[in-house]
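[1] Have a look at this prediction, sequence included:
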Amino acid sequence: MVLCLLLIVVTLAFYSPISRSGFVLLDDVPYILSNPPVRAGLTWATVKWSFTSVHAGYWHPLTWMSHALDCQLFGLNPAGHHYVSLLFHAASAVLLFLLLLEATGATWSSLMVAALFALHPENVESVAWAAERKNVLSMFFFLLALWTYGRYARRGGMRRYAAVFVCFALGLMAKPQIITLPCVLLLWDYWPLRRMFAPSRDAERTEIVPRSFAYVVIEKLPLFALVAISCAITVWSQRVGGAVRTLSDFSLLARLENAVVSYAKYLTNTFWPVRLAPMYPHPGNSLPVWQVIVSALLLVLVTAVVLRWRKRRYLFVGWFWFVGTLVPMIGLVQVGDQAMADRFLYIPMIGLFVALVWAVADAAARKPIPARWLAVPALLVVSVLGALTWNQLGYWHNGETLWRYTLSVTKNNYLAHDNLAMVLEQEGRVDEAIREFHVAESLHTYPPGQILSLGVYEQHNGWVQDAIGEYTRAYDGSHDAKLRANAMAQMGSAYCQNKDYEHAAQSYQRALELNPDETGALMGSGMLALRDGNASLAARQFSRAVQLEPTDVGLLFFADALRQAGRPDEANAAERLAEKSSSNLAAARNSVHETYSFFGIDFVRASAAGDSRTVDR
């Protein structure tokens, strides 16, 4: 109990800067800040939404409910959200210590592994990033399942097996990264439980009954069934969210090369944790051949050493824990644009720590070296890692600090430029944000839809000529008729903003040729027709637009055009419909006048009956 308390106190102490960390945008926006069900708190409606919705490319109801409970308790105060994640991290460190202690009886080795896990700076990302609650939550249930499995292995019983099953299911509902648990349990059977391939003398010294390989595999079939269900749900939800990259985005060869190099980098970062970053952009097909060869040789060499010393079972288990639990996140199925991520090492690094600590303890016992002689270097290592963690937490103070730091430790990182731009946008620093967006564009080929969105943002903030360039790029780069029509409609709007009505009319016409139901082009061409005194054409365009997207503003435009065309009864009917459907008619009328001004129309209402005329433009 004292050691558990010590572990918690040390973890909380080194992580204390987390109280000054804020939200860093990125996934914090769709997960928390702009997620109405989560912000509403833990209500029955939120629980229902959590289980029935795919949001941000994931189905993880337990995570959504966890965020909702945070919002109910702390609102949008980031300190509360971060401290809950920190408490889960500290609880996982304690669980790791207890399950290793119970399985091996080695107190100090178990404590050292738990301390390395608790204080390693590569885990800062999982703890200090509010949206990564799914990581610390799934880890907690992963370790809880492993601990309950140890109880089941010793005493048997369906209730204990059911407890393992439930913990695994809960972990999968937090994040599917733990789908490798059944394979980890097979490793756990091999060592330290020694249920599998156990020498006869082990059966005499332990309460655990040795089992055949076939037995330990068959008993895990219900867990493998959960894995299959989770994989199907995950692939479906990420396809719905558009997160899964195709082979045209990243070829199979590029994925394999990146996987090999990433394994080597994860090893390096574990033992030399400096220049860590929240985003490492995928190199695509540009990885140097020498990096792939050197990384492959390193992996082969370590594997050969582990197999050569396979009688030291902790080496085999630790290494293949690391290799195996990384498989779902190594990029063979590419999700997102990152090459690797520190948060992906949250579970796998435990295997490396187990192999390293038990190897040192075993070597010390063989010499023999007194245990107290190991205490000083152990404390030194833990202290250094704690100091690095404290320092790394400083970079998570806010979004601007994080992404500027990321740019300082990575090269050609368009993801960091893009995220910095979004942070600057949120702070109202528009010119700086657009410059960062342009740098990101110069480093990466964005899909036409994102280019179109950037153009809209630039136009809205006065960078009209740049916006026209973005719309042109989106139009030229897409084969989707609807997206191209949207780009042309936006271009027409930009030309109107520049008072170039001739090119605006041409853009709207091209948009309607591509998609006759493009409402932006219908409204824009109607405005230009009204500006030119062709009220009948304007009425036809507005009529079609409000049929497709009935809005109070659109109906008011339609009513004005009908009056201009000499059809007052229909105009009055359209205006009544606008009044009936509007939640804020005054705001709608104000929007109408602003739009008229945008299109160069000075429109005056002559009477309450709606007698109107167009005056000098």
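    Received it, and whenever you're ready, just let me know what you need. Numbering: from 1, shown residues only.

[2] rest of the way, CA atoms for contacts and neighbours
    Noted.

[3] Isn't residue 90 up against residue 118?
    Yes: at 6.7 Å, residue 90 counts as touching residue 118 under the criterion of C-alpha atoms under 8 Å.

[4] which residues do the two both contact?
    residue 11 (C-alpha atoms under 8 Å, 6 or more residues apart in numbering).

[5] Can you tell me the number of residues neighbouring residue 354?
    When neighbours are counted by other C-alpha atoms under 10 Å, residue 354 registers 24.

[6] Can you get me a residue count around residue 2?
    The number of residues packed near residue 2 is 7, by other C-alpha under 10 Å.

[7] tell me the pLDDT at it?
    Note on residue 2: pLDDT of 93.

[8] Could you chop the chain up by domain?
    Following the assignment in automatic domain parsing, the chain carries domains at 157-238, 246-366, 428-614.

[9] possible to save those as CSV with mean pLDDT?
    Formatted as CSV, these follow (pLDDT from 0 to 100):
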stretch, mean pLDDT
domain 157-238, 90
domain 246-366, 92
domain 428-614, 89
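
[10] Save the ones you listed as CSV, and put in distance to residue 104 too.
    Output for the domains of the chain, formatted as CSV (distance: least, C-alpha to C-alpha, whole Å):
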stretch, distance to residue 104
domain 157-238, 6
domain 246-366, 10
domain 428-614, 50
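
[11] For the stretch 151-300 of the chain, just list every one of the strands.
    With DSSP state E, counting those that start in this stretch as the criterion, the stretch 151-300 of the chain has strands at 280-281.

[12] Identify the spatial nearest neighbour of residue 332, chain neighbours not counted.
    For residue 332, ignoring the flanking residues on the chain, the nearest one in space by C-alpha to C-alpha, 6 or more residues apart in numbering is residue 255 at 5.6 Å.

[13] give me every residue that touches the one you found.
    Listed by C-alpha under 8 Å, 6+ apart, the contact set of residue 255 reads 284, 331, 332, 334.

[14] Taking those residues, please make a PyMOL selection of just the buried ones.
    Buried members of the contacts of residue 255, defined by 16 or more other C-alpha atoms under 10 Å, are picked up in PyMOL with:
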select buried, resi 284+331+332+334
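
[15] tell me which of the contacts of residue 255 is nearest to residue 40?
    Among the contacts of residue 255, residue 334 lies closest to residue 40 (C-alpha to C-alpha), at 33.0 Å.

[16] mind listing what that closest one touches?
    Taking C-alpha under 8 Å, 6+ apart, one finds 244, 245, 246, 250, 255 in contact with residue 334.

[17] Pick out the most distant pair among the residues you listed.
    For the contacts of residue 334, the farthest-apart pair by C-alpha to C-alpha is 244 and 255; their separation is 13.0 Å.

[18] what about stretch 361-376, start to end distance?
    End-to-end distance of stretch 361-376 (C-alpha to C-alpha, to the nearest Å): 14 Å.

[19] in it, what's buried?
    residue 361.

[20] name the helices or strands packed onto the longest helix along the chain?
    Using DSSP state H, we find that the single longest helix of the chain is helix 78-104. Packed against helix 78-104, as judged by 3 or more C-alpha pairs under 8 Å, 6 or more residues apart in numbering; DSSP states H and E, are the following elements: helix 2-14, helix 61-74, helix 107-119, helix 124-128, helix 133-155.

[21] which strands and helices sit next to the first one?
    When contacts are defined as 3+ C-alpha pairs under 8 Å, 6+ apart, helix 2-14 packs onto helix 78-104, helix 107-119, helix 371-394.

[22] next one: the last one
    Contact analysis of helix 133-155 by 3+ C-alpha pairs under 8 Å, 6+ apart lists helix 61-74, helix 78-104, helix 124-128, helix 158-172, helix 181-190 as its packing neighbours.

[23] And the contacts of residue 255, which two are furthest apart?
    284 and 332 (12.7 Å).

[24] Contacts only, for residue 144.
    95, 164, 167.

[25] mind listing what the second one touches?
    With contact taken as C-alpha under 8 Å, 6+ apart, residue 164 is in contact with 144, 145, 146, 148, 149.

[26] Put together a markdown table for those residues, with distance to residue 107 and pLDDT on each row.
    Shown next, in a markdown table, are the contacts of residue 164 (distance: C-alpha to C-alpha, whole Å; pLDDT from 0 to 100):
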| residue | distance to residue 107 | pLDDT |
| --- | --- | --- |
| 144 | 19 | 98 |
| 145 | 21 | 98 |
| 146 | 18 | 97 |
| 148 | 19 | 97 |
| 149 | 20 | 97 |
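
[27] Residue 323: which of those residues is nearest?
    Nearest to residue 323 among these: residue 146, at 18.1 Å, using C-alpha to C-alpha.

[28] Assess the claim that the closest one and residue 187 are in contact.
    No: contact criterion C-alpha under 8 Å: residue 146 and residue 187 do not qualify, at 11.1 Å.

[29] Go through the longest helix of the chain and flag the buried ones.
    78-103.

[30] Also stretch 308-321?
    Buried-residue list, stretch 308-321, by 16+ other C-alpha under 10 Å: 312, 313, 314, 315, 316, 317, 318, 319, 320, 321.

[31] Tell me the buried residues in stretch 284-293?
    Neighbour-count burial for stretch 284-293 flags 284, 292 (criterion: 16+ other C-alpha under 10 Å).

[32] distance between it and the chain's centre?
    26 Å (C-alpha atoms, centre = their mean, to the nearest Å).

[33] Check stretch 145-159 too.
    That offset, for stretch 145-159, works out to 34 Å (C-alpha atoms, centre = their mean).

[34] And stretch 7-16, by the same measure?
    Relative to its parent chain, stretch 7-16 has a centroid offset of 27 Å by C-alpha atoms, centre = their mean.

[35] still on that earlier bit, which one of the helices and strands packed on helix 78-104 has the most crowded surroundings?
    Of all those, helix 124-128 has the most neighbours on average by mean count of other C-alpha atoms under 10 Å, namely a mean of 27.

[36] Could I have the CA atoms of that one written out in PDB?
    Only the C-alpha atoms of helix 124-128 are listed here, as PDB (Å, rounded to 0.1, in the frame of the first residue of the first chain):
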ATOM      1  CA  VAL A 124       2.700  13.100 -21.900                       C
ATOM      2  CA  GLU A 125       0.700  13.300 -25.100                       C
ATOM      3  CA  SER A 126      -1.800  10.700 -23.900                       C
ATOM      4  CA  VAL A 127      -2.300  12.500 -20.500                       C
ATOM      5  CA  ALA A 128      -2.100  16.200 -21.400                       C
END
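
[37] one step back: residue 70 is nearest to which of the domains of the chain?
    Closest to residue 70 of the domains of the chain, according to C-alpha to C-alpha: domain 157-238, at 15.1 Å.

[38] Kindly check the end-to-end length of that closest one for me.
    Start-to-end span of domain 157-238 (C-alpha to C-alpha) is 37 Å.

[39] Buried residues of stretch 393-405, list them for me.
    For stretch 393-405, by 16+ other C-alpha under 10 Å, it's 393, 394, 395, 396, 397, 398, 399, 400, 402, 403, 405.

[40] need those in a markdown table with secondary structure, can you?
    Putting the buried residues of stretch 393-405 into a markdown table (DSSP: H, G, I helix; E, B strand; the rest coil) gives the following:
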| residue | secondary structure |
| --- | --- |
| 393 | helix |
| 394 | helix |
| 395 | coil |
| 396 | coil |
| 397 | coil |
| 398 | coil |
| 399 | helix |
| 400 | helix |
| 402 | helix |
| 403 | helix |
| 405 | helix |
